[in-house]
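>>> Okay, predicted coordinates and the sequence, questions at the end:
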Amino acid sequence: MNGYLSNNQNSGDIFDAPPVLLITDTDFARTRALSTMALAGQRVGGALGLDDAGRRLQNQGSVSTVWVELDAASPASDAILQQIANDARAGRYRAVIAVPASLVDDVVHHALDGNIDLIVDADDSERAAALALAIASRTRPFSVMEASADKNAARLRQLSDEVSRIAATLARLSTGPTPSARRDEIEPGRDAPEVSIETVRAVIRARRLRNRYFPEDMFADPAWDMLLDLLQAEIAKLRVPVSSLCIAAAVPATTALRWLKTMVQQGIFLRRADPHDGRRVFVELAPETSQALRRYFAEVGKVAVI
């Protein structure tokens, strides 16, 4: 059976938007995805396994969003995600990929471009909000069920504020040097002061110490935490995988990935494919970002940087 309807099928305007297509790799993942659709009151146009998804995506007519729910990484899931990434980049539909934290490094290279959102170990509210945002960006604002409307409305407002903050931060950063410069044209240390790794590590330690005395979310600043972590890695000549950078951001993985994706798109961070594993992505500072950080540390001198 290719079509499913949620319990909210008699809702007045639920049929205005095209349905969501589900792609899952296990029965448990399918049940979890269908539960999210029911929570959101969204019509499901099909619930497919990985073997049937490729042909269906090629022949699919109207769909608002493709929701991919994975419990494991495999060549089959990698092929489907690549097909979805190509379609989303072409504007055919938006997609949401839901995975456990253990799969971040296996799938993130498909989700850093285009109309794709990656959510990690998300709770019901975050999942419903991700679905609503994907559909809203594709069609129009989307309403969730009354039973969870207040909770999800608050989460949507939080996500909207978060996205606005990312945009404002990046707008300020983008007024600096153009992000299109090639790495072999501007080396990180050229014409920029040296920064000791002990200095950067001391700043990172100081930032983490605040959590002993105040609620952690009071000081959430994932962009700065990721910048510091990448600068530390650059000085130490280490590669940073996406999962490690998400941990360094000190926020939920889905939030960290949203920041990471936008900063890559803005040219503030660069991504590098692992030559030994095409699915693995490393992240590094763009040359002009590295220079800006080094000059910042040189200018503040011995003043505490937190």
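Sure, I can see it. Nothing here was measured: the structure is a model prediction, and the numbers come from that model. Numbers count the residues shown, from 1 in each chain.
>>> and Glu284, how many residues sit next to it?
Summarising burial for Glu284: neighbours were counted as other Cβ atoms under 10 Å, giving 21. For the C-beta atoms, the positions are set from N, CA and C on the backbone; glycine is no exception.
>>> Can you show me the helices along the stretch 201-306 of the chain?
For the stretch 201-306 of the chain, applying DSSP state H, counting those that start in this stretch gives helices covering 222-236, 242-248, 253-265, 287-300.
>>> Using TSV, lay out the ones you listed together with mean pLDDT.
Below are the helices of the stretch 201-306 of the chain laid out as TSV (pLDDT from 0 to 100):
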stretch	mean pLDDT
helix 222-236	95
helix 242-248	94
helix 253-265	91
helix 287-300	91
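>>> could those be laid out in CSV, adding distance to Gln58 and mean neighbour count?
Listed next are these as CSV, based on distance: least, Cβ to Cβ, whole Å; neighbours: other Cβ atoms under 10 Å:
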stretch, distance to Gln58, mean neighbour count
helix 222-236, 37, 21
helix 242-248, 29, 22
helix 253-265, 26, 22
helix 287-300, 39, 18
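>>> May I have the helix or strand hosting Ala47 as CSV, with CA atoms only?
Element membership for Ala47, per DSSP states H and E: strand 44-49. These are the backbone C-alpha positions of strand 44-49, laid out as CSV (Å, rounded to 0.1, in the frame of the first residue of the first chain):
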residue,chain,number,x,y,z
VAL,A,44,1.5,10.6,3.9
GLY,A,45,1.8,9.9,0.2
GLY,A,46,3.8,6.7,0.6
ALA,A,47,6.0,4.8,3.1
LEU,A,48,8.8,3.1,1.2
GLY,A,49,11.9,1.0,2.0
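>>> Beyond it, next helix or strand please.
For strand 44-49, the succeeding helix or strand toward the C-terminus, using DSSP H and E, is helix 50-59.
>>> which residues touch that following helix?
Under the criterion Cβ atoms under 8 Å, 6 or more residues apart in numbering, residues 21, 23-25, 46, 48, 66, 74, 76-77, 79-80, 83-84, 87 lie in contact with helix 50-59.
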